[in-house]
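[1] sequence plus the predicted model coming up.
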Amino acid sequence: MLTIAHLIIPSPFILAPLAGYTDLPFRQLCHEHGAGLCVSEMISCHGLCYRQRKTFEMLASSDKERPVSFQIFGADPHIMGEAAAILSSYQPDLIDINMGCPAKKVTKRGAGAALMANPSLAEEIILNVVKRSTVPVTVKIRAGVSSNELNGIEFARMTEAAGASAVTVHGRTWTQGFTGTSDTTIISRIKQTVSIPVIGNGDILSYQDGMAMLSQTGCDGVMIGRGALGNPWVFRESGKPLDLQSILQGVLRHMELIEQHLNIEHTLGVVKNHIGRYFKNLQGSAQLRKAVYDSPSFSSLKDTLQNLASSTIKK
C-alpha cells in the first residue's frame with residue numbers, strides 16, 4: 001500500500017508515463033493486472049491551454065482505471081498553472097509534473113529534465129501548479145543533470161518545500177538518458193532527506209526487481225516503465241505467463257479495451273506497437289510479430305489473434 005496526501009493506493013507498483021503507450025486501454029489493463037496507480041502519457045501544457053483536440057483526447061479516462069494520475073510538461077510557470085486548473089476539472093486523482101524526460105524535443109524547450117538544470121524555474125512551476133490544482137501534485141525527476149552535477153537530493157528537497165505531495169526519482173541523470181544503469185543509491189539518499197513519499201524508477205523489469213528496490217532503498221513505491229510494455233503481468237508476483245495461450249488471452253483483453261475506448265482505425269500503428277511487444281522472446285516470435293505488423297486493419301488483426309488463440313487451444 002502507498003499513501004500520497006489523502007490518496008490511499010492499494011499497491012506500491014505504479015505504471016510510468018510512456019509517450020505513445022500509456023493510453024486509457026493500457027492503463028486500465030495494467031490496473032486489472034495489479035498496478036496500484038497508472039500515469040498518463042506526457043500532456044503538453046500548451047496543448048491544454050490552446051484547447052488542441054488531440055491533447056484533449058489524451059484526457060479520456062474511466063472510473064475503472066482509478067486511481068489515475070495525469071502528467072503535464074512545460075517550462076512556462078503561468079501556462080503550467082493554467083494547465084493544472086484545466087486538468088483539475090477532469091478530476092484525476094493526482095497531477096504529476098514531468099521534470100525528468102530527457103527527449104530532445106522536450107528539453108530543447110526547457111521542459112522535462114532540462115528543469116533539473118534550472119531549479120528556480122522548476123520551483124516556480126511547482127508553486128503555480130500546486131496553487132491552481134485541486135488535487136495533490138507530484139513531481140518526476142532524475143538523479144541530476146549529469147555525473148558532475150548530481151543535484152537530485154537538493155532538487156527533491158525543493159519539490160517538497162514547493163508543495164509536492166510525492167516525488168518520483170529515476171536513478172539516471174539527464175545526460176545519461178536511458179543508457180547505462182540506474183543508480184539506486186540516489187533514491188535511498190533522497191528517501192532519507194525528504195518526508196514526502198519517494199517512488200523509485202529505473203531498470204525495474206519484473207515484480208521481483210520492484211521488491212528489491214523497495215527493500216534496498218526504503219522507497220515508498222516503485223514505477224515501472226518499459227518493463228510493462230507487452231507485459232502488464234509485471235505488476236504481479238507470478239509475472240508474465242510462459243505459454244502462448246495465456247499470453248494471447250491477455251492480448252485479446254487488451255484488444256477489447258482498445259476497441260472500447262479508442263478510434264481503432266486512426267490508431268492502428270499504436271495498436272500494432274503494443275501488440276507486437278507481447279510476443280518478444282517467444283518461440284516463433286518473428287513470425288508472430290510479422291502477422292501483427294502485416295495486418296491491414298484492426299479487424300483483420302483481431303481475427304488473426306483470435307484464430308491463433310483457437311488453434312493454440314486445439315493443440
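    All right, it came through fine.

[2] what comes into contact with the helix or strand containing Cys38?
    Taking DSSP states H and E as the criterion, Cys38 maps to strand 37-44. Contact with strand 37-44 is made by 2, 9, 11, 14-23, 27, 30-31, 52, 55, 58-59, 65, 67-74, 83, 87, 93-94, 96, 98, 101, 106, 221, 223, as judged by C-beta atoms under 8 Å, 6 or more residues apart in numbering. The way it works is simple: take the backbone N, C-alpha and C, and place the C-beta from them, glycine included.

[3] likewise for stretch 178-185?
    So stretch 178-185 is in contact with Pro102, Ala143, His170, Gly171, Arg172, Gly200, Asn201, Gly202, Asp203, Met213, Gln216, Thr217, going by C-beta under 8 Å, 6+ apart.

[4] show me the strands in the stretch 101-250 of the chain, by range?
    Under the criterion DSSP state E, counting those that start in this stretch, the stretch 101-250 of the chain contains strands at 137-144, 166-173, 198-201, 221-224.

[5] what is the mean pLDDT for the second one?
    Per-residue pLDDT values across strand 166-173 average out to 96.

[6] parallel or antiparallel, which strands does it pair with?
    Using DSSP bridges, strand 166-173 pairs in its sheet with strand 137-144 (parallel), strand 198-201 (parallel).

[7] now swap in the last one and tell me
    In its sheet, strand 221-224 lies beside strand 13-15 (parallel), strand 198-201 (parallel), with partners assigned from DSSP bridges.

[8] in JSON lines, list those strands along with mean neighbour count and distance to Leu244.
    Output for these, formatted as JSON lines (neighbours: other C-beta atoms under 10 Å; distance: least, C-beta to C-beta, whole Å):
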{"stretch": "strand 13-15", "mean neighbour count": "28", "distance to Leu244": "24"}
{"stretch": "strand 198-201", "mean neighbour count": "26", "distance to Leu244": "31"}
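
[9] compare those strands and give me the one nearest Ala162.
    strand 198-201 (15.7 Å; C-beta to C-beta).

[10] am I right that Pro92 is in contact with Ser133?
    No: at 9.5 Å, Pro92 does not count as touching Ser133 under the criterion of C-beta atoms under 8 Å.

[11] leaving out sequence neighbours, find the closest residue to Ile86.
    Leu48 (4.8 Å; C-beta to C-beta, 6 or more residues apart in numbering).

[12] who are the packing partners of the one helix or strand that neighbour maps to?
    Assigned by DSSP H and E, Leu48 falls within helix 45-49. Other helices and strands packing on helix 45-49, by 3 or more C-beta pairs under 8 Å, 6 or more residues apart in numbering; DSSP states H and E, are helix 53-57, strand 68-73, helix 77-88.

[13] from the chain's centroid, how far away is the first one?
    Computed by C-alpha atoms, centre = their mean, to the nearest Å, the separation of helix 53-57 from the middle of its chain amounts to 18 Å.

[14] for it, the averaged confidence score.
    93.

[15] what comes up buried for that helix?
    For helix 53-57, a neighbour-count test (16 or more other C-beta atoms under 10 Å) marks Thr55 as buried.

[16] mind listing residues that contact it?
    By C-beta under 8 Å, 6+ apart, the surrounding residues in contact with helix 53-57 are Ile43, Ser44, Gly47, Leu48.

[17] which one of those is nearest Val292?
    Nearest to Val292 among these: Ile43, at 28.0 Å, using C-beta to C-beta.

[18] bridging residues for the closest one?
    Using DSSP bridges, the bridge partners assigned to Ile43 are Ile72.
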